[in-house]
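**Q** Mind looking at a prediction? Sequence and model below.
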Amino acid sequence: MIDLFFPLASVTPAPSLSIHCEKRPQAQGYLSLVRAHSSTTIEDLHPELMLRIEARLYYPPVAGPRWRICACGNMQQGTSLHDAEVNSYRYGERKKKYDGAYIDRDGAARTFDRKKMSRKRGGAMRGRGWKYGSGFVDGVFPVLSPMAQDILHLVQKGTDVAKIWESLDNIPPTHSLWDDILNVAVQLRLNRQWDPIISVCEWIVYRSSFRPDVICYNLLIDAYGRKRRLDKVESMYAALLEAQCVPTEDTYALLLRAYCNAGSLHRAEGVISEMREHGIPPSATVYNAYLDGLLKARCTEKAVEVYQRMKRDRCRTNTETYTLMINVYGKSKQPMSAMKVFNEMQSIGCKANICTYTALVNAFAREGLCEKAEEVFEEMQQAGHEPDVYAYNALMEAYSRAGFPQGASEIFSLMQHMGCEPDRASYNILVDAYGRAGLHRDAEAVFESLKQQGMAPTMKSHMLLLSAHARSGNVARCEEVLAQLHKSGLTPDTFALNAMLNAYGRAGRLGDMERLLAAMEHRGSCDVSTYNVVVNAYGRAGYLERMEAAFASMQGKRGLAADVVTWTSRMGAYARKKEYRRCLEIFEEMVDAGCYPDGGTAKVLVAACSDERQVEQVTAIVRSMHKEAKTLFTI
């Protein structure tokens with residue numbers, strides 16, 4: 001858990017000021033008590049200022065709990081009324097030190113153990129708290145005062161930054177305003193509203209009389225990093241140093257994630273080098289942020305390299321580290337490597353949480369390995385973790401990828417029976433499961449059920465339904481889905497357009513396919529999968545010249561690197577005509593381009609053979625290629 005204290009030296013009021021805050025029953029939001037402690041004491045920031053927080057822990061019938069915050073020049077000083085209250089009710093001697101309190105959605109008072117609560121998304125108390133440096137516990141939201149609610153409404157509705165700043169200028173700069181501004185910024189972070197965060201925090205930095213602290217700069221670095229504004233990220237980091245704020249490990253973690261998000265891996269390495277130059281060894285928090293950024297950027301090879309370096313540096317790995325690496329191997333389609341990481345985790349006594357088990361289920365699900373996914377799912381329950389919607393979705397995905405839609409449907413029903421409400425992703429997986437099996441009517445029924453549950457279908461929902469009808473050859477219905485997508489106010493993305501392109505290709509409507517391809521090229525929304533569809537469609541139709549022209553355009557004008565699917569589709573066109581020598585030539589081109597064959601490539605080469613000698617030759621070539629190929633993802 002990351003703790004936070006607010007340096008009161010940055011606020012305008014004098015140190016002798018006493019502040020009394022009341023939490024009334026009609027106030028909205030969750031009630032949270034954030035315990036501030038750090039290795040850096042408040043005396044280090046301002047020797048004449050101390051902060052004391054005490055709270056009545058009984059609940060009067062009308063007024064509700066009262067929170068008293070006293071700031072005075074000496075910790076021994078204070079009002080006699082306050083001392084009497086503390087002496088009459090020594091709550092700290094009765095309650096565990098690390099317990100926290102909050103009000104749940106039903107209005108009931110609850111407590112939690114800060115040490116035992118999972119901060120990882122998907123833990124016991126699922127929340128969206130700011131992971132790096134917020135000071136707020138996941139699942140417990142900041143309390144917004146009436147003033148903070150007004151500020152939040154102002155920045156959310158306002159688009160003119162100058163007017164927002166002018167309104168904030170008119171508010172007296174007090175302790176309560178500082179707290180309100182920080183609470184608003186964190187609330188905006190929970191809602192992932194980056195532009196309003198920038199408006200509020202830049203007002204603090206450039207316009208207000210407050211002295212910004214490291215938390216304010218961290219919020220700005222995070223917001224600009226999410227928007228891939230690396231110039232602003234670096235300028236905020238420079239401003240942090242100029243303001244003589246000491247960067248925390250959270251600052252470095254946010255810098256790493258920003259660089260990874262923008263694909264600037266060399267700059268990310270520069271952050272690690274800078275930490276070492278200043279004698280700050282990267283901690284698990286920093287390494288985990290680096291791994292998380294590389295995972296989201298799909299830089300799996302680099303993630304494995306960083307993981308190996310982390311172990312060489314004897315940095316203590318934790319549950320989050322292993323969960324991230326299981327996800328890395330899972331997304332690179334190496335479930336057995338993910339299993340090795342899980343076993344390594346257990347061998348050193350690191351306890352897996354529900355996110356770890358879900359990541360492992362997902363690793364097997366992506367390859368359609370239902371039995372292994374079921375084993376991990378059962379092991380998760382034996383370990384005392386109750387499956388959540390993410391775990392059920394992962395198991396449904398395993399059945400979907402394996403081509404067993406009825407199995408996915410049974411898991412969907414089991415989830416509902418166990419009191420776990422399916423989310424939009426659950427319906428999408430079920431639509432995909434039926435679509436993969438060619439059951440387009442069932443896929444349509446699930447799509448309608450999604451809308452009946454009051455959930456708005458997303459781009460992915462439409463794309464999966466479109467793919468289901470494309471597999472069945474129902475081009476008319478595909479066009480209707482595409483039109484429906486436009487009516488919903490959604491602009492078709494590359495995945496949806498590729499599905500429509502595939503529908504035209506499968507139906508032999510090459511003219512419509514070419515017109516759609518031209519529109520996609522004009523819009524700049526083509527990717528490798530786009531040309532894979534086109535190359536495959538031309539190859540199946542026997543138009544080899546058009547196929548070669550599309551392949552050349554892909555690598556020449558578009559600058560896209562062909563993958564194994566592209567090369568295999570191209571070979572497949574010649575294999576249908578039993579042009580064995582041409583297939584071998586393309587195979588050699590593929591190898592020279594650094595692309596290694598898979599099982600589909602071997603099948604296509606064998607299909608091009610016309611005698612036993614050629615079959616033996618293909619077998620020897622493929623086997624030798626896999627022996628020479630380097631294993632990139634090793635433990």
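**A** In hand now; what should we look at?
**Q** can you give me how far stretch 161-173 is from the chain middle?
**A** 34 Å (CA atoms, centre = their mean, to the nearest Å).
**Q** likewise stretch 449-467?
**A** That offset, for stretch 449-467, works out to 21 Å (CA atoms, centre = their mean).
**Q** Ends of that stretch, what's the gap?
**A** 18 Å (CA to CA, to the nearest Å).
**Q** Buried residues in that stretch, which are they?
**A** Applying a neighbour-count criterion of 16 or more other CB atoms under 10 Å, one finds Leu450, Met455, Pro457, Thr458, Lys460, Ser461, His462, Met463, Leu464, Leu465, Leu466, Ser467 buried in stretch 449-467. Where C-beta positions appear, they are placed from N, C-alpha and C, glycine not excepted.
**Q** among those, which two are most distant?
**A** Spatially, the most separated pair among the buried residues of stretch 449-467 is Met455 and Ser467, at 19.3 Å (CB to CB).
**Q** Arg276: what's it in contact with?
**A** Pro282 (CB atoms under 8 Å, 6 or more residues apart in numbering).
**Q** Distance check, it against Glu269.
**A** 11 Å (CB to CB, to the nearest Å).
**Q** Also Asp432?
**A** Taken as CB to CB, the span from Asp432 to Glu269 is 38 Å.
**Q** do Ile164 as well
**A** 38 Å.
**Q** Those two: who's more crowded?
**A** Ile164 (19 against 15; other CB atoms under 10 Å).
**Q** Could I get the full set of helices for the stretch 201-350 of the chain?
**A** 214-226, 230-242, 249-261, 265-277, 284-296, 300-312, 319-331, 335-347 (DSSP state H, counting those that start in this stretch).
**Q** Indicate which one of those helices is closest to Phe412.
**A** Comparing those by CB to CB, helix 319-331 comes nearest, at 21.9 Å.
**Q** helices or strands next to the closest one in the packing?
**A** Counting contacts by 3 or more CB pairs under 8 Å, 6 or more residues apart in numbering; DSSP states H and E, helix 319-331 packs against helix 284-296, helix 300-312, helix 335-347, helix 354-365.
**Q** can you tell me the average pLDDT over that helix?
**A** Computed over helix 319-331, the mean pLDDT rounds to 93.
**Q** again, but for stretch 461-470
**A** Rounded mean pLDDT across stretch 461-470 is 89.
**Q** Tell me how far the residue most central in space within the chain lies from Ile326.
**A** Centroid-nearest residue in the chain: Lys296, 6.9 Å away (criterion: CA atoms, centre = their mean). As judged by CB to CB, Lys296 and Ile326 stand 15 Å apart.
**Q** Ok, Leu501 next?
**A** 34 Å.
**Q** Make CSV from the helices and strands packed on helix 319-331 and add distance to Tyr252 and mean pLDDT to it.
**A** Below are the helices and strands packed on helix 319-331 laid out as CSV (distance: least, CB to CB, whole Å; pLDDT from 0 to 100):
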stretch, distance to Tyr252, mean pLDDT
helix 284-296, 5, 88
helix 300-312, 14, 90
helix 335-347, 25, 93
helix 354-365, 23, 94
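**Q** Let's have the ones you listed in TSV, adding distance to Asp169.
**A** Below are the helices and strands packed on helix 319-331 laid out as TSV (distance: least, CB to CB, whole Å):
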stretch	distance to Asp169
helix 284-296	35
helix 300-312	45
helix 335-347	53
helix 354-365	44
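**Q** now for these, which one comes closest to Tyr237?
**A** That would be helix 284-296 among the helices and strands packed on helix 319-331, by CB to CB, at 14.6 Å.
**Q** what's the closest non-adjacent residue to Leu439?
**A** In this structure, Leu439 finds its nearest non-sequential neighbour in Pro405, 6.2 Å apart by CB to CB, 6 or more residues apart in numbering.
**Q** From the rest of the structure, what touches stretch 445-461?
**A** Around stretch 445-461, the neighbours that count as contacts under CB under 8 Å, 6+ apart are 423-424, 427-428, 430-431, 434, 465, 485, 488, 490, 492-493, 495-496.
**Q** how about 10 Å then?
**A** 405, 409, 412, 421-435, 439, 462-465, 468, 481, 484-485, 488-493, 495-496 (CB atoms under 10 Å, 6 or more residues apart in numbering).
**Q** ok, which stretches of the chain are strands?
**A** Taking DSSP state E to define them, one finds strands in the chain at 18-22, 50-55, 66-72, 99-103, 109-113.
**Q** hang on, isn't the residue nearest to the centre of the chain packed against Ala258?
**A** No: using CB atoms under 10 Å as the test, Lys296 is too far from Ala258 to be in contact (11.4 Å).
**Q** buried ones in stretch 488-498?
**A** For stretch 488-498, by 16+ other CB under 10 Å, it's Leu490, Pro492, Thr494, Phe495, Ala496, Leu497, Asn498.
**Q** and the end-to-end length of it?
**A** Criterion CA to CA; first-to-last residue distance in stretch 488-498 is 19 Å.
**Q** what mean pLDDT does it have?
**A** The average pLDDT within stretch 488-498 is 84.
**Q** Perfect, that will be all.
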